[in-house]
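Colleague: sharing a model prediction with you, sequence too.
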Amino acid sequence: MNTDTPPPADAKSDPGPALAGLRIAVVEDDPELRAIILDELRHEGAQAFGFGSAEALYRHLLGTACEAVVLDVGLPGEDGYSVARYLRQIVPHAGIVMLTGRGANTDMARGLTQGADLYLVKPLDVELLVAALLNLRRRLQPVVPPTVANGSTGWTLKIFGDINGTGSLVYVEYFCDIPNGRLYRNQMAWNAAAKVVPPTVDQILVENVQSNPGNAACFTYQTKTIGTTPFVIGVAITLTVQSQDKDPITQEFQKESKALLNVSPRNVFNAWQLASLDIGNRVQPTPAQVTALLP
């Protein structure tokens, strides 16, 4: 049985969601270990492709993009260190997990210096590899899109990522509808074909929403600019809600203003930190599927 190419679409085997949709190239010259890794990654929902050499990987990359590479160091011909260095030039945004039987600190330092994001020592625990790839995916993909220009405003917040902490990427829009007194939360898969517009009743998160004091916006953004690129590193969400209690003197319903949430994801913080160190090849842009949902 050939295990180096994904099964046909009608032969799915109920993959888990952890790595759903992530395109991964596995470069390992041991066919048995390669097959084990591919089976596990596909079970976790990844689109995984296997290769026994650097040359086979390069041919694949000529026509197919990948978002992560699981790379053995001891390959025939060109070794993994050289491959990692070259990958940083041709697919700079891809995550690289290096596999090797060499566990010395000098070997690990060499791998990380050549471009690897993570370094795992054999014998390989495939569950640890899945966890490493999931963490790498979270770190490389910003949750809050890098600039407010993505369509987020003082009244609409657009974010994507592992927002629910389940290991699955989602796209979420919060819409503060002051005229109708509602805060909506519209969640969908990050690669959904389309979104529900306008918001529906089942998307109501908070009711009785009122204007904030001074008509201040519901969403305000903290940014850091590196060079000419602004990064959103925090979002404050402030709502004023009419309570059910009346003022004993005026007999008007009382209002309460609260900061409900501060969104400051670790991976976005890392993104602008890396950019400030001129390390731009580890920060992925917003995926095209998410961009298509922004308007």
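Modeller: Yep, that arrived.

Colleague: CA only for contacts and neighbour counts going forward, please
Modeller: OK.

Colleague: mind splitting the chain into its structural domains?
Modeller: 9-140, 148-291 (automatic domain parsing).

Colleague: where among those is average confidence lowest?
Modeller: Lowest mean pLDDT of the domains of the chain: domain 148-291, a mean of 75.

Colleague: just the strands in this protein please.
Modeller: Along the chain, the segments classed as strands by DSSP state E run 23-27, 47-51, 68-72, 95-100, 118-121, 156-161, 170-177, 182-189, 204-207, 209-210, 219-226, 229-246, 253-263.

Colleague: any chance of JSON lines for these, columns distance to I36?
Modeller: As requested, the strands of the chain are arranged in JSON lines below (distance: least, C-alpha to C-alpha, whole Å):
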{"stretch": "strand 23-27", "distance to I36": "11"}
{"stretch": "strand 47-51", "distance to I36": "11"}
{"stretch": "strand 68-72", "distance to I36": "13"}
{"stretch": "strand 95-100", "distance to I36": "14"}
{"stretch": "strand 118-121", "distance to I36": "16"}
{"stretch": "strand 156-161", "distance to I36": "28"}
{"stretch": "strand 170-177", "distance to I36": "28"}
{"stretch": "strand 182-189", "distance to I36": "28"}
{"stretch": "strand 204-207", "distance to I36": "44"}
{"stretch": "strand 209-210", "distance to I36": "53"}
{"stretch": "strand 219-226", "distance to I36": "42"}
{"stretch": "strand 229-246", "distance to I36": "39"}
{"stretch": "strand 253-263", "distance to I36": "38"}
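
Colleague: tell me which of those strands lies nearest to L293.
Modeller: strand 170-177 (8.4 Å; C-alpha to C-alpha).

Colleague: thinking again about what came up before, in a markdown table: the strands of the chain, plus mean neighbour count and distance to R137.
Modeller: Listed next are these as a markdown table, based on neighbours: other C-alpha atoms under 10 Å; distance: least, C-alpha to C-alpha, whole Å:
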| stretch | mean neighbour count | distance to R137 |
| --- | --- | --- |
| strand 23-27 | 24 | 11 |
| strand 47-51 | 23 | 14 |
| strand 68-72 | 25 | 8 |
| strand 95-100 | 24 | 8 |
| strand 118-121 | 18 | 12 |
| strand 156-161 | 22 | 9 |
| strand 170-177 | 22 | 13 |
| strand 182-189 | 19 | 16 |
| strand 204-207 | 14 | 29 |
| strand 209-210 | 22 | 36 |
| strand 219-226 | 17 | 22 |
| strand 229-246 | 18 | 18 |
| strand 253-263 | 14 | 19 |
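
Colleague: of the ones you listed, which is nearest E40?
Modeller: Set against E40 and scored by C-alpha to C-alpha, these come closest in strand 47-51, at 9.4 Å.

Colleague: for that closest one, packing partners?
Modeller: Applying 3 or more C-alpha pairs under 8 Å, 6 or more residues apart in numbering; DSSP states H and E, one finds that strand 47-51 contacts strand 23-27, helix 31-43.
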